[in-house]
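Peer 1: here is a sequence with its predicted model. Questions after.
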Amino acid sequence: MPIVGYQRLSLRDYPGRLCAKAIIPGCNFRCPYCTRQDLIFDFLGMDWVTFNDILGHLYRARGYITGFCIGGGEPTIHNGLLEFAFKVKSVGYRIKLDTNGTRPRRINKLMEERVLNYVALDIKAPLDRYGEVVQNKVNIGDVEESIRLLRRGNVDYEFGTTVVPGLVEARDIEEIARSLIGSRRFVIRQFKPGGCLDPEYDSIRPFSIEELEKMRALISPYFAEVRIER
Ligand code: SF4
């Protein structure tokens, strides 16, 4: 399992908990607003973090930090994810997975093995616009299956979407919300230009906080909780 980054303390990657975070490289999408193209194209040349480095910190931080976020990139494209998550869990941490939902069988296995405590599933676009937004082939049935797994499972979860002027806007967020009606939590994520995969996106001005608040008001009836993440 390649790990190319390790954050010893994050205040924002596990709702309600302090957590450590492992950055897993590689991704099967090519979102034009992605600012981590190094994780997609350059990770073979990056220094990898060893599991022993992580383990030493996890033992020292036990009790102070209680969560562990596995983020990326897209962690579920790797065969070693279950084993890695299991090892971290066995030290006593609660595991959160950040995913784009394209590997439902792997997510299901992690849920069946009771390794996961929280899943943040990134919904990139209304289902009929996925390919256009992620700039790659996608089996939309896989994303739908991941959504179903979370909605009917007993692992805590959130859905979330990055909003980008001209690409994913208020009407898209409303359409996504309608398709997820009754789900627990939804996160509206602010787009942050700077080093985007498609350089044209670096000149796009993100939505203002007022516009984000309007989106929140628009979709609040569909969920128990809607957060804005900036
Ligand atoms: S923003 Fe898109 S391309 Fe970048 S890591 Fe996330 S899913 Fe992959």
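Peer 2: Cool, got the structure.
Peer 1: from here on, contacts and neighbour counts on C-alpha atoms
Peer 2: Will do.
Peer 1: using PDB, write out the CA atom coordinates for the lengthiest helix in the chain.
Peer 2: Secondary structure of the chain read by DSSP state H shows that its longest helix is helix 140-152. Extracted C-alpha coordinates of helix 140-152, given in PDB (Å, rounded to 0.1, in the frame of the first residue of the first chain):
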ATOM      1  CA  ILE A 140     -21.900   5.100 -12.700                       C
ATOM      2  CA  GLY A 141     -23.500   1.900 -11.400                       C
ATOM      3  CA  ASP A 142     -20.400   1.600  -9.100                       C
ATOM      4  CA  VAL A 143     -20.900   5.000  -7.600                       C
ATOM      5  CA  GLU A 144     -24.700   4.300  -7.200                       C
ATOM      6  CA  GLU A 145     -23.800   1.000  -5.400                       C
ATOM      7  CA  SER A 146     -21.400   2.800  -3.000                       C
ATOM      8  CA  ILE A 147     -24.200   5.300  -2.200                       C
ATOM      9  CA  ARG A 148     -26.600   2.400  -1.500                       C
ATOM     10  CA  LEU A 149     -24.100   0.700   0.700                       C
ATOM     11  CA  LEU A 150     -23.700   3.700   2.900                       C
ATOM     12  CA  ARG A 151     -27.300   4.600   3.100                       C
ATOM     13  CA  ARG A 152     -28.400   1.100   4.200                       C
END
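Peer 1: show the average pLDDT along whichever helix or strand comes after it.
Peer 2: Later in the chain than helix 140-152, the nearest helix or strand by DSSP states H and E is strand 156-163. Strand 156-163 comes out with an average pLDDT of 98.
Peer 1: which element follows strand 156-163 toward the C-terminus?
Peer 2: Next along from strand 156-163, by DSSP H and E: helix 170-179.
Peer 1: what mean pLDDT does that following helix have?
Peer 2: Across helix 170-179, the average pLDDT comes to 98.
Peer 1: can you list the residues of the chain near the ligand?
Peer 2: Residues of the chain lying close to the ligand (CA under 6 Å from any ligand atom) are 27, 29-31, 34, 36, 72-73, 100.
Peer 1: pull the most distant pair out of those.
Peer 2: R36 and N100 (14.5 Å; CA to CA).
Peer 1: compare neighbour counts for the two and give me the winner.
Peer 2: Taking neighbours as other CA atoms under 10 Å, R36 and N100 compare with N100 leading, 24 against 19.
Peer 1: which residues touch the longest helix of the chain?
Peer 2: Here helix 140-152 makes contact (CA atoms under 8 Å, 6 or more residues apart in numbering) with 100-104, 107-108, 119, 121, 127, 130, 156-157, 183.
Peer 1: good, we can wrap up now.
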